[in-house]
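**Student:** just to be clear, the model below is a prediction. Sequence and coordinates:
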Amino acid sequence: MADDSTDPGALDERTENTALREALAAEHAAVWGYGVVGAALDVSAQAVASVSETAHRDIRDRVVDLLAERGADPVGAEGGYALPFPVLSGTDAAALAVVLEDGVAAAWVRVLDQAVERSTRELAVGALTAAEVRAVGWRATAGQSPATRAFPGLPQS
Amino acid sequence: MSPPLPSCPPGFSRRTLLAASAAGLAVLATGCSSSSADEREKVTSQQADELTAQVAVQEAVVSAFVAAGAADPALAGEVADLAAQADEQLARLRAAAPGSSPSAPPSAGGAPPAPETRAWLRTQVATAAASHTTACLDQSGARAALLGSIAAGLAGQDGRLA
């Protein structure tokens, strides 16, 4: 019944938590996806994937703690995810890493759009920025040009 | 069947953001509105002033690319994509801050000759990224999303210039 009286256009803790759950789901997917990325990379490049995976684990854990503190159920990880394309080479792996980082970037922009707490925006813009910095490196590795984006995380026109 | 890797949060389309931005623009232009969407994007005068200030920050980035290109023509060709992205960011910021108006580009003079030009340009870009990040924290809704995205984009450029 509470939903019936909620202003659908208003920002509140509910909208913020919903967006955080979506960001958490994206972070779970990124952690899983980097396992695939690392397995397809040369040994010399696996350290970069490992660092990226650790970064996503860290932010995932922060969001889980934040939602738990609020009494909001954190969304769990799926058992597995469908890959958007076969990952058969190092270039494929880098391209998958781009997909992962772009996915979390979109989720964190959504958090910025829906947040009411300044501290949440601080968390979101930090996560978004870190994702884009990593994505730039992966786009270059994947041979994508330009490697940078004017509006990371914002929907494409 | 495994779920696909997410590429965009459900329910978050470009239309969503643009609609929110349009509502924000309407509020900035008229000063009041009663719709829930407009209410969501209501902006305080302080937020409006801060957004306008970020337009000036972005104008300085655009000018920095011009100055760097003049100081180091080889670098100009290398960073043409980045410069174009900075222009796009400025246009979007101006559209979100209707109180702002195109002004004479602030002087970004002082771009040193090669080989120091790249490091100088990188500093300008990183400084603007930090400024947009800080400003993002005190905005809300579509304005926070836009500033955060531009800040991230410039941080990516900073990394590319490294």
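**Tutor:** Nice, I can see it. Bear in mind the structure is a predicted one, so any value in this text is a computation, not a measurement. Numbers count the residues shown, from 1 in each chain, chains lettered A, B, ... in the order given.
**Student:** show me the shaky parts of the chain.
**Tutor:** Just going to use chain A. A:1-9, A:157 (pLDDT under 70).
**Student:** let's do chain B instead
**Tutor:** B:1, B:6-42, B:101-109.
**Student:** what segments of it are helices?
**Tutor:** B:14-30, B:36-40, B:45-71, B:73-78, B:80-96, B:117-137, B:141-161 (DSSP state H).
**Student:** most tightly packed of these?
**Tutor:** Comparing the helices of chain B by mean neighbour count (mean count of other C-beta atoms under 10 Å in any protein chain shown), helix B:141-161 ranks first with a mean of 28. Yep, even glycine has a C-beta here, placed from its N, CA and C like the rest.
**Student:** check whether that one comes near chain A.
**Tutor:** Yes - using C-beta under 8 Å from any C-beta of the partner chain, we find that helix B:141-161 touches chain A at B:141-142, B:144-146, B:148-153, B:155-157, B:159-160.
**Student:** list the contacts for A:Ala130?
**Tutor:** A:55, A:59 (C-beta atoms under 8 Å, 6 or more residues apart in numbering or on different chains).
**Student:** just to revisit the earlier point, would you reformat the helices of chain B as TSV and include distance to A:Leu24?
**Tutor:** Shown next, in TSV, are the helices of chain B (distance: least, C-beta to C-beta, whole Å):
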stretch	distance to A:Leu24
helix B:14-30	20
helix B:36-40	23
helix B:45-71	28
helix B:73-78	39
helix B:80-96	28
helix B:117-137	21
helix B:141-161	18
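**Student:** does A:Gly153 lie in a helix or a strand, and which?
**Tutor:** Under DSSP states H and E, no helix or strand contains A:Gly153.
**Student:** what residues does the most centrally placed residue in chain A make contact with?
**Tutor:** Note on chain A: the residue nearest the mean C-alpha position is A:Val104, at 1.9 Å, using C-alpha atoms, centre = their mean. Contact analysis of A:Val104 by C-beta under 8 Å, 6+ apart lists A:23, A:26-27, A:30, A:56, A:127, A:131.
**Student:** tell me which element it falls in.
**Tutor:** Using DSSP H and E, A:Val104 falls in helix A:90-114.
**Student:** if you count neighbours, what's buried in that helix?
**Tutor:** A:90, A:92-114 (16 or more other C-beta atoms under 10 Å in any protein chain shown).
**Student:** and what of stretch A:70-80?
**Tutor:** Buried residues in stretch A:70-80, counted by 16+ other C-beta under 10 Å: A:72, A:74-75.
**Student:** next one: stretch A:57-67
**Tutor:** A:59-60, A:63-64, A:66-67.
**Student:** again, but for stretch A:45-59
**Tutor:** Neighbour count says stretch A:45-59 has A:45, A:48-49, A:52-53, A:55-56, A:59 buried, by 16+ other C-beta under 10 Å.
**Student:** what do you get for stretch A:116-132?
**Tutor:** In stretch A:116-132, counting by 16+ other C-beta under 10 Å, buried: A:120-121, A:123-132.
**Student:** would you list those in TSV and tack on secondary structure and distance to B:Thr133?
**Tutor:** What follows is these, written out as TSV (DSSP: H, G, I helix; E, B strand; the rest coil; distance: C-beta to C-beta, whole Å):
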residue	secondary structure	distance to B:Thr133
A:Thr120	helix	14
A:Arg121	helix	10
A:Leu123	helix	12
A:Ala124	helix	11
A:Val125	helix	5
A:Gly126	helix	8
A:Ala127	helix	12
A:Leu128	helix	9
A:Thr129	helix	7
A:Ala130	helix	12
A:Ala131	helix	14
A:Glu132	helix	12
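**Student:** which members of those residues are the farthest-apart pair?
**Tutor:** Largest separation among the buried residues of stretch A:116-132 by C-beta to C-beta: A:Thr120 and A:Glu132, giving 18.6 Å.
**Student:** next up, the contacts around B:Val57.
**Tutor:** Residues in contact with B:Val57 (C-beta under 8 Å, 6+ apart) are B:128, B:131-132, B:135.
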